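> Take this sequence and fold it.
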Amino acid sequence: MMKPVPIVRLKKGNMVRVVRLLLSSEDSHLRKMAAFGILPGVLIKILQTYPVFVLEVGYTQIALDFEIAKNIIVTLE
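Numbers count the residues shown, from 1 in each chain. Below is the predicted model:
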């Protein structure tokens, strides 16, 4: 099993599993990611990495900038 890394270090097309989010419970970004289903244990497909990160979570596609995406720690599936 691969060591957990920030999602921003991986490539388009990778399927990953969220390990943790590096955000405090007071951070509004944490609430937004939870609302979109980006939580520990969830599978995500990386659809795009530039100019923004586009992630597929279930049937939803989410665009995140680098500053937010770097807080998503994942492992490759």
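> Val74 versus Glu26, what's the distance?
Between Glu26 and Val74 the distance, using C-beta to C-beta, to the nearest Å, works out to 23 Å. Quick note: C-beta positions are derived from backbone N, CA and C, even for glycine.
> between the two, who's got more neighbours?
Looking at Glu26 and Val74 with other C-beta atoms under 10 Å, you find the greater number of neighbours at Val74, namely 25 against 7.
> packing partners for the helix or strand harbouring the more buried one?
Remark: Val74 resides in strand 72-76, with elements defined by DSSP states H and E. Other helices and strands packing on strand 72-76, by 3 or more C-beta pairs under 8 Å, 6 or more residues apart in numbering; DSSP states H and E, are strand 5-6, strand 15-21.
> Helices along the protein, start to end?
28-35, 66-69 (DSSP state H).
> how far does the shortest one sit from the chain's center?
On the basis of C-alpha atoms, centre = their mean, to the nearest Å, helix 66-69 is displaced by 9 Å from the centre of the chain it belongs to.
> Ala63 contacts Val52, doesn't it?
Yes. With contact taken as C-beta atoms under 8 Å, Ala63 and Val52 are classed as touching, separated by 4.9 Å.
> Report the buried residues of the helix or strand of the chain with the lowest mean pLDDT.
Lowest on mean pLDDT, DSSP states H and E among the helices and strands of the chain sits helix 28-35, with a mean of 87. Residues of helix 28-35 classed as buried: 30, 33 (neighbour count, 16 or more other C-beta atoms under 10 Å).
> same thing with stretch 33-46?
Using 16+ other C-beta under 10 Å as the test for burial, stretch 33-46 gives 33, 36, 38, 42, 44-46.
> Any idea which of the helices and strands packed on strand 72-76 gets closest to Ala69?
Distance to Ala69, taken as C-beta to C-beta, is lowest for strand 5-6 among the helices and strands packed on strand 72-76, at 7.6 Å.
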